[in-house]
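> need coordinates for the following:
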Amino acid sequence: MTENEIAKITVDAAYHIHKGLGPGLLESVYEIVLSQKLKKKGLKVERQVPVPIVFDGIKFDEGFRADLIVEGKVIVELKSVEKVIPVHKKQLLTYLKLADKRLGLLINFGSELIRDGISRIVNGLND
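Take a look at the predicted model:
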């Protein structure tokens, strides 16, 4: 399954979750619900995955935690905020580079309309 196929399924699941639950819940609620919905669709989903980093020749076992990694290919960073700010997108791009992944989805369940809360961040992925 390609990154784009995984993203399509993930965005569709996020839409249904947002429609059903609405905005304003804690990020952790959306994380567990989205994780379960994707698993029901047959996808492998890992939550709160520690991703090691190497800096200045030193390996740190837990550089950051990815909210979700789907099928080992797509990082999904979840927010439940009034508005996504530019640093959120930069953060996800850095995560992609450090984890050597090509596609990330930034999904803000705090948006009134979910379509306004989804950003696709690429790291060398051909559309």
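> which residues of this structure fall in strands?
Using DSSP state E, the strands assigned to the chain run over residues 45-55, 58-70, 74-79, 103-108, 118-122.
> so the fourth one versus strand 118-122, what angle?
Comparing the axes of strand 103-108 and strand 118-122 via axes from the mean of the first three to the mean of the last three CA atoms, to 10 degrees yields an angle of 160 degrees.
> give me the neighbour count for residue 56.
4 (other CB atoms under 10 Å). Quick note: C-beta positions are derived from backbone N, CA and C, even for glycine.
> no no, residue 116
Around residue 116 there are 11 residues (other CB under 10 Å).
> beta partners for the residue nearest the centre of the chain?
To find the centre residue of the chain, average its C-alpha atoms and take the closest one (CA atoms, centre = their mean): that gives residue 76, at 1.0 Å. Taking DSSP bridges as the rule, residue 76 bridges to residue 68, residue 105.
> and it, what does it touch?
Under the criterion of CB atoms under 8 Å, 6 or more residues apart in numbering, the neighbours of residue 76 are 10, 34, 66-70, 104-105, 107.
> next: residue 10.
Applying CB under 8 Å, 6+ apart to residue 10 gives the contacts 34, 38, 70, 74, 76, 105, 107.
> okay, now the unreliable bits of the chain?
By pLDDT under 70, the low-scoring segments of the chain are 125-127.
> please repeat the previous calculation with a cut-off of 80.
For the chain, the stretches with pLDDT under 80 are 62, 125-127.
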